[in-house]
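Student: Return a 3D structure for these sequence lines:
(one chain, ligands or ions: 2)
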Amino acid sequence: MKLLDGNLPSDLQTAASLLLAGRLVALPSETVYGLAALALDASAALKIFQAKDRPLADPLIVHLGTGHQLDKIARVTPSVESLARAFWPGPLTLVLPKHPSLPDLVTGGQSTVAVRFPSHPVFRAVLDLVQVPLAAPSANPFGGISPTSAQHVIHGLAGRIDAVVDGGPSQHGLESTIIGVASDHLTLLRPGPIAPAAIESASGLPVILPEVSTAASPSVPGGFLRHYSPTKNLSLVPRQELLESAPPQTARVFLSPSAIPLTDTLILSQTADPVEVGQVLYATLHQLDRDPCVHQIWIERPPTSESWRTVNDRLYRAAANH
Ligand code: TXA
Ligand code: MG
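Tutor: Ligands and ions are numbered 1, 2, ... in the order given. Predicted coordinates for the structure are as follows:
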């Protein structure tokens, strides 16, 4: 597998040539790294499922570089235009009625397709070179933690994919917001960097929210409860309990610093800021998962307020099934 440099035009050209030949290339995005293949070529897209051990019923997100590609894969409604103007390119995925020319394999046999325009300059440059839509789920083995660096991709998928383009650490560190689009309302299918309130104000449509709960959303086929999980046991622990003590070989992870200095602990944000916590959460889980001295992970349970929705969603899933 090749490690390519996102700053080198010749390496971007290599990535584009591999993709156009039907191969798999992991690309950096502003959310997490994605594992890309040609979206309109079913045999190329099939390799994504095989490399990730992903069930065929779990549909892929299609990434676009220019607006005119959208009509070729989805049906566009007026609410899409206002959301596109406000948030594309960026970490928003819209679920729209699918165009018949898109292979059913990409959408897991569904009549809808998830689409987004990534903002990362490397992903955009590659889309520009290939000039066709790219299907790309997160570049991790199915059920594992999404990668936020090229090293995470190598660790999870080396030997199973053709190349990864290094574009530095992902800016948001959590996957895109996914919105289901109907004519008179929108539905939050997966929380992400763009908050439901911002989507309501840009579109003028109400956003139906799932409960903040530990339950997987049945309307997202990939909303399996165990998702984004480290291999080690992960528990969410109230701050007070976490401050007191922990069993041996337990990594203690705090949302913000404590007044009492503690040894052998990790701190995700200086100010308990949910955006900052989101940026480093997956990198922290990757690091602890690989640390031979760590047997289990205890993370401070975040507040249940709206600003913590995305971090809570990912933590509940990471902590499930252990
Ligand atoms: O930020 C992101 O969205 C990243 C980057 C690489 O773009 N991608 C990503 O893809 O997180 P993935 O495959 O790991 O997660 C996409 C989710 C899955 O849970 C999938 O089931 C859901 O989107 N999805 C895809 N197509 C859908 C559809 N037609 N209807 C409902 N959910 C869909
Ligand atoms: Mg994923």
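Student: Return the residues in contact with the residue nearest to Ala319 when sequence neighbours are not counted.
Tutor: Among residues not flanking Ala319 along the chain, Leu234 sits closest, at 4.9 Å (CB to CB, 6 or more residues apart in numbering). Bear in mind the C-beta positions are built from the backbone N, C-alpha and C, glycine included. Counting by CB atoms under 8 Å, 6 or more residues apart in numbering, Leu234 touches 285, 296-299, 315, 318-319, 322.
Student: The residue located most distally from the centre of the chain: helix or strand, and which one exactly?
Tutor: When distances are taken from the C-alpha mean of the chain, Ile260 lies farthest, 34.8 Å away, according to CA atoms, centre = their mean. Following DSSP states H and E, one finds Ile260 outside all helices and strands.
Student: before we move on, the earlier item: what's the next secondary structure element after whatever helix or strand the residue nearest to Ala319 lives in?
Tutor: If you go by DSSP H and E, Leu234 is part of strand 233-237. Downstream of strand 233-237, the first helix or strand assigned by DSSP H and E is helix 239-244.
Student: Can you name the element that comes right after that next one?
Tutor: Using DSSP H and E, the helix or strand that follows helix 239-244 in sequence is strand 250-254.
Student: Give the partner strands of that following strand in its sheet and their orientations.
Tutor: strand 265-267 (parallel), strand 296-300 (parallel) (DSSP bridges).
Student: Contacts for the longest one, please.
Tutor: Strand 296-300 has contacts (CB under 8 Å, 6+ apart) with 230, 232-239, 242, 246-247, 249-255, 285, 288, 315, 319.
Student: Ligand 1 contacts on the protein?
Tutor: 29, 31-32, 34, 58-61, 93, 95, 107, 110, 112-114, 136-138, 175-176, 178, 189, 220-223 (CB under 6 Å from any ligand atom).
Student: which stretches of the stretch 151-300 of the chain have low pLDDT?
Tutor: The model of the stretch 151-300 of the chain has pLDDT under 70 over residues 211-227.
Student: just the helices in it please.
Tutor: 196-203, 239-244, 274-290 (DSSP state H, counting those that start in this stretch).
Student: Just the CA atoms of the one helix or strand Leu94 maps to, as CSV, please.
Tutor: Using DSSP H and E, Leu94 maps to strand 92-97. Taking Å, rounded to 0.1, in the frame of the first residue of the first chain, the C-alpha atoms of strand 92-97 are listed here in CSV:
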residue,chain,number,x,y,z
LEU,A,92,-23.2,18.0,5.9
THR,A,93,-24.6,14.8,4.3
LEU,A,94,-28.0,14.9,2.7
VAL,A,95,-30.1,11.8,2.1
LEU,A,96,-32.0,12.3,-1.2
PRO,A,97,-34.0,10.3,-3.7
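Student: quick one, the helix or strand following it and strand 92-97 angle?
Tutor: Of the helices and strands lying after strand 92-97 in sequence (DSSP H and E), the nearest is strand 112-116. Counting by axes from the mean of the first three to the mean of the last three CA atoms, to 10 degrees, strand 112-116 lies at 150 degrees to strand 92-97.
Student: Who does strand 112-116 pair with, and is each partner parallel or antiparallel?
Tutor: strand 61-63 (parallel), strand 92-97 (antiparallel).
Student: Show me which of those strands has the highest average neighbour count.
Tutor: Neighbour counts (mean count of other CB atoms under 10 Å) averaged over each of the strands paired with strand 112-116 peak at strand 61-63, with a mean of 26.
Student: I'd like the mean pLDDT over it, please.
Tutor: Averaging pLDDT along strand 61-63 yields 98.
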